[in-house]
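1. Sequence first, then the predicted structure, then my questions.
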Amino acid sequence: FYGSAAIILSERLSIQNEFEFDNKGENDPHFQGIERGLENGWVGYLQHSSLTYNYSLGHLSIGRGNPYFFNMNESLFLNSNFPPTEYVWWQHKSQWLQFDWGILMLNQEESLNRFITFHRYGITKNNWRVGFTEAVMGSYENWGASETGYIMPAAVLLETEENRGINANLMWLLDGMFKWENWTFYGEFLIDDFALDRESPPQIAGSMGLGRKFNKFLLNLEYTRINRWTGNYCDSLKRWIERDVPIGHSIGSDAHNLLINSYFPFNEKLAVELSFNWIENGGGTAIERLIEWPDDVPCETNFGENNPPLSEKNTTYYAVGTLHYLFKKNIMANLNMDFRNNEALWNLSISYGYK
């Protein structure tokens with residue numbers, strides 16, 4: 001059971017809590033703590049809990065949740081699937097300029113604490129936008145001046161990393177979107193690492209997509225490719241993973257996929273979503289590919305292409321159909337059918353809103 005409760009403290013200040021009751025909490029990657037309650041394992045916990053101050057030019061949000069990046073579907077940098085964590089997120093807009101600053105405190109690994117901090121500088125106009133994000137993942141035992149240097153809103157993370165900071169995993173992300181009549185073009189380009197001497201393989205990823213509106217019908221096509229080692233690191237503390245869930249795109253590294261999805265509203269009450277996803281990767285799960293690293297190669301050492309032809313490729317395809325029916329303004333039924341590698345799964349959910 002999922003639910004959300006919002007408390008409006010003032011015109012600009014609000015508290016939002018999203019909760020879950022789950023009979024298999026210990027197997028849910030979003031669950032942290034000790035299982036208590038009924039003998040059959042039911043647990044209750046907050047998925048999201050935040051205090052947000054909205055003002056005319058932006059907002060400041062503090063709490064526990066997942067301030068993911070939005071790029072039509074999944075972002076290469078922060079997706080909406082990884083487990084909630086304590087965070088601070090400030091977004092400010094001034095005419096055509098947008099600035100985002102965020103800190104995410106991740107779980108412990110090997111008795112050390114981890115964090116992600118990022119800055120995004122964006123330009124937004126009526127029919128296009130473009131943005132540049134600089135981010136690092138680091139670890140620490142005791143927080144000090146070196147760690148504080150990373151999280152300052154005006155910090156330049158590359159300069160901090162090179163000259164004053166702790167050893168961290170630095171990432172850059174370019175994102176953009178352009179709208180022309182009924183067409184939408186968008187994409188992302190992620191640089192995890194790029195050896196200028198070409199002695200190590202480039203750890204990069206990219207996605208591009210286009211959407212088209214036909215009266216009420218929406219159609220979207222997207223292609224994503226993630227190179228081997230992207231999101232990986234010689235130090236396990238710097239891998240782009242949170243509690244065995246990829247923080248970036250869910251397909252993991254050494255993979256590419258083609259996504260086709262569509263949305264069609266028949267009337268004010270009934271709508272249908274259809275999608276098809278084809279994925280090819282180097283074998284194993286996304287997590288297994290993200291925790292693999294060349295043997296006997298220490299940090300900051302070139303290791304050549306080290307990318308021999310794959311002896312086996314894993315191909316996955318699945319189609320998903322979702323039927324939405326609005327009984328009343330505050331009651332909706334969602335029927336989901338998932339056809340994956342000759343298997344069919346389905347679930348039915350009812351959502352109710354009260355104001």
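-> Good, I have the coordinates.
2. Residue 117: which element?
-> If you go by DSSP states H and E, residue 117 is part of strand 112-124.
3. which helices and strands does the helix or strand just after that strand pack with?
-> Sequence-wise, the next helix or strand downstream of strand 112-124 (DSSP H and E) is strand 128-140. Using 3 or more CB pairs under 8 Å, 6 or more residues apart in numbering; DSSP states H and E, the elements in contact with strand 128-140 are strand 97-109, strand 112-124, helix 145-151, helix 157-163, strand 169-180. Yep, even glycine has a C-beta here, placed from its N, CA and C like the rest.
4. The longest strand along the chain pairs with which strands?
-> Across the chain, the longest stretch assigned as strand under DSSP state E is strand 314-328. Sheet pairing of strand 314-328 (DSSP bridges) gives strand 270-281 (antiparallel), strand 331-340 (antiparallel).
5. And the average pLDDT for that strand is what?
-> For strand 314-328, mean pLDDT rounds to 91.
6. And for stretch 77-96?
-> Here the average pLDDT along stretch 77-96 is 90.
7. follow-up on the earlier one: now do the buried residues in the longest strand of the chain.
-> Residues of strand 314-328 classed as buried: 320, 322, 324 (neighbour count, 16 or more other CB atoms under 10 Å).
8. With respect to residue 143, which of these is nearest?
-> Minimum distance to residue 143 across the buried residues of strand 314-328 is 42.9 Å, recorded for residue 320 (CB to CB).
9. Would you check that that closest one makes contact with residue 336?
-> Yes - under the criterion of CB atoms under 8 Å, residue 320 makes contact with residue 336 at 6.9 Å.
10. element containing the spatially most central residue of the chain, please.
-> By CA atoms, centre = their mean, the chain has its centre lying nearest to residue 79, at 0.9 Å. Per DSSP H and E, residue 79 falls between elements, in no helix or strand.
11. you'd agree it is up against residue 252?
-> No - counting by CB under 8 Å, residue 79 sits too far from residue 252 to count as a contact (11.3 Å).
12. what touches both of the two?
-> residue 246 (CB atoms under 8 Å, 6 or more residues apart in numbering).
13. List the residues that contact the closest residue to residue 270 other than its chain neighbours.
-> Spatial nearest neighbour of residue 270, chain neighbours left out: residue 325 (5.6 Å); criterion: CB to CB, 6 or more residues apart in numbering. Under the criterion of CB under 8 Å, 6+ apart, the contact partners of residue 325 comprise 269, 270, 332, 333, 334, 335.
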